[in-house]
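Participant: Sequence first, then the predicted structure, then my questions.
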Amino acid sequence: MHAERLRDLGIHSSQARSITLFHLATNLPAAVLARMLGIHITVAVAWQRASSGDWTTYAAEVSRR
């Protein structure tokens, strides 16, 4: 029902979800992504590989906090 309302407004939730996962996988380690979203680690690894994410920037950012 919610997806239909969003679609009527021109928002495609599945596309937005994929874009968001892609962005997160680019910037976070797979283990953090899996734990944060409650997805299986193999799914998180697949998203990270697909996005060619390099999460070393994440580790550097966290160390600066």
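Facilitator: Great, that's in hand. Residues are numbered from 1 along each chain as shown.
Participant: low-scoring stretches of this structure, by residue?
Facilitator: Across the chain, residues meeting the criterion (pLDDT under 70) sit at 1, 53-62.
Participant: which stretches of it form helices?
Facilitator: Counting by DSSP state H, the chain has helices at residues 2-8, 13-27, 30-37, 41-51, 56-64.
Participant: want to throw those helices into JSON lines with mean neighbour count?
Facilitator: Every C-beta, even on glycine, is put in place using the N, C-alpha and C of the backbone. As requested, these are arranged in JSON lines below (neighbours: other Cβ atoms under 10 Å):
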{"stretch": "helix 2-8", "mean neighbour count": "10"}
{"stretch": "helix 13-27", "mean neighbour count": "14"}
{"stretch": "helix 30-37", "mean neighbour count": "16"}
{"stretch": "helix 41-51", "mean neighbour count": "16"}
{"stretch": "helix 56-64", "mean neighbour count": "10"}
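Participant: Contact partners for the closest residue to residue 25 other than its chain neighbours?
Facilitator: Nearest non-adjacent residue to residue 25, counting by Cβ to Cβ, 6 or more residues apart in numbering: residue 47, 3.8 Å away. Residue 47 makes contact with 21-22, 24-25, 30, 33, 53, according to Cβ atoms under 8 Å, 6 or more residues apart in numbering.
Participant: Report the separation between residue 47 and residue 64.
Facilitator: Residue 47 sits at a distance of 25 Å from residue 64 (criterion: Cβ to Cβ, to the nearest Å).
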